[in-house]
Structure formats: C-alpha cells, structure tokens
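Visitor: coords below, sequence missing:
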C-alpha cells in the first residue's frame, strides 16, 4: 500500500502540472528500474529510470517534467548533487539511510528549483515538496528525532509539514482485499515482537526486547568492533 500511495503522491503532480523536476531515491530506482509498473504507461512512454541517472543528461517526459534518479552509492558521494536543482524530492525507506548528513546537507536543500510562474509557489499543491517515506524504526534512530520535530512544528501551527502513519488495521473495508492475512500471521510468528511492531504495525519502538540492546549492537558495529555471535 505504501508503494501504491507513494506512486500516486509522486506522479500526480507530473500528470497535471508542467516542468516539474523531481529527484527519486528508492530501492528499485537505485537499481535502474521503473518505481511503479504504471509509471511508464502514465507518462505514455517507456520510462526507464536507469537512463536518467545523475550521471547522464536530463530526459524530459510529460509536460517537460524530469525524473532524476539517485544512483547506487550516492549517499557515499553526495557531492555529485551540488549543481542539481529540483522542485520535488522523494526519498523512500529514508529511515534506513546510513548517512543523514547527505540527506540534510545536499538532498533536501536541492529542492529549490523555481516553480513555473504559471503556478502559485506558496500554494501547498503547487509548491516544493519533500516526501520521506519509510518503515518505522527504533526511537534511537536519528530519523525518529526528525519525525518528532515535524510533529512539534505541526502542533505549533505550521502548515509546512504533514505526518502520516498507518498499518493494515487502518485499511478501509473496500481495500481489505489487498491484504494477505496469512502473511501477517506468518510475520507475527516469525519476527521478534519489536520487529513486528516496526515492520507491520508501523510503530516506533524504544529498543529491542532481546537480551542485547539493538542500540548497543549497532554502536559496536559502527565503531568497527566485531560482534561475536557464537555461544
């Protein structure tokens, strides 16, 4: 459902507005595939995002819109985006990025390309957009602090942010046919309780429920200290 809603969100403006330029970072586009099977048909051409990486010239599609796909390894070499300018940025599974400095310093600030004069740039429909979509993680993940900041800004009356979270229990009845109850039961039985809460229920969890703290294990791995898993 996240993939489908992300597709609608990302490409709705491309179908109805002209001269948008978006950067796109998802697991599938990083490998050069179309983000959603309907995207090529939606643009009325074979939109192969692998041909539109940052390393090659932009290729316009519907209404002069351009998709700029973030290539593999980009987070390790984000300086390549220094000259880029986009009207929109869509970053999927951002809660699993290992380099938030690249996201904050180079990706999000590049959503700065002037909005065409025929549109009201102050209107939330036509202005710049940054979409951060992903699976909930542990609360010690830096992404959680960003989500808290967004929620705090909304509480203060800001209209610049919107936070949504949902899981299969929120599906309207007409969409229940999209669910796979057997897979949900399998994941409930197979995953640790904290993993199930994050992966399936979309809830931010304080820490792992196992003997070892997931936060401590992650810190050890980042420091280069080997983790011995033998009994």
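Guide: Arrived safely. The shown structure was predicted, so the numbers you read here are calculated from the model rather than taken from an experiment.
Visitor: Now do the strands in the protein.
Guide: Taking DSSP state E to define them, one finds strands in the chain at 21-25, 66-69, 88-92, 129-133.
Visitor: For stretch 105-125, which outside residues touch it?
Guide: Stretch 105-125 is contacted by residues 17-19, 21, 23, 25, 70, 78-79, 81-82, 84-89, 91, 126-130, 159 when judged by C-beta atoms under 8 Å, 6 or more residues apart in numbering. For the C-beta atoms, the positions are set from N, CA and C on the backbone; glycine is no exception.
Visitor: Mind checking which of those residues are buried?
Guide: Buried subset of the contacts of stretch 105-125 (neighbour count, 16 or more other C-beta atoms under 10 Å): 17, 19, 21, 23, 25, 70, 78, 81, 84, 86-89, 91, 126, 128-130.
Visitor: got CSV for the strands of the chain, with distance to residue 109 and mean pLDDT too?
Guide: Below are the strands of the chain laid out as CSV (distance: least, C-beta to C-beta, whole Å; pLDDT from 0 to 100):
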stretch, distance to residue 109, mean pLDDT
strand 21-25, 12, 72
strand 66-69, 15, 76
strand 88-92, 10, 86
strand 129-133, 10, 90
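Visitor: okay if I get those as TSV plus distance to residue 171?
Guide: Listed next are these as TSV, based on distance: least, C-beta to C-beta, whole Å:
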stretch	distance to residue 171
strand 21-25	26
strand 66-69	29
strand 88-92	20
strand 129-133	17
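Visitor: tell me the helices in this structure, going along the chain?
Guide: Assigned by DSSP state H, the helices in the chain fall at 2-16, 39-42, 100-102, 142-155, 181-190, 193-199, 214-222.
Visitor: lowest-confidence stretch among the ones you listed?
Guide: Set side by side, the helices of the chain give their lowest mean pLDDT on helix 39-42, at a mean of 45.
Visitor: I'd say residue 215 and residue 140 touch.
Guide: Yes. The pair residue 215 / residue 140 is scored as a contact, 4.7 Å apart, by C-beta atoms under 8 Å.
Visitor: Find residues that contact each of the two.
Guide: What both residue 215 and residue 140 touch, as defined by C-beta under 8 Å, 6+ apart, is the set residue 207.
Visitor: What's the separation between residue 91 and residue 166?
Guide: To residue 166, residue 91 is 19 Å away according to C-beta to C-beta, to the nearest Å.
Visitor: can you pull the pLDDT of residue 160?
Guide: Looking at residue 160, the pLDDT reads 88.
Visitor: The residue nearest to it when sequence neighbours are not counted: neighbouring residues, count only.
Guide: For residue 160, ignoring the flanking residues on the chain, the nearest one in space by C-beta to C-beta, 6 or more residues apart in numbering is residue 153 at 6.9 Å. Neighbourhood size, residue 153 [other C-beta atoms under 10 Å]: 14.
Visitor: my guess is residue 153 contacts residue 162, does it?
Guide: No. At 10.3 Å, residue 153 does not count as touching residue 162 under the criterion of C-beta under 8 Å.
Visitor: picking that back up, nearest to residue 194, out of the strands of the chain?
Guide: strand 129-133 (21.1 Å; C-beta to C-beta).
Visitor: do you know how far the nearest residue to residue 90 once chain neighbours are set aside is from residue 220?
Guide: Closest residue in space to residue 90, ignoring its immediate chain neighbours: residue 131 at 4.5 Å, by C-beta to C-beta, 6+ apart. Per C-beta to C-beta, residue 131 is found 33 Å from residue 220.
Visitor: Between these two, which is the more surrounded one?
Guide: Set residue 131 next to residue 220 and count neighbours by other C-beta under 10 Å: residue 131 wins out with 16 against 13.
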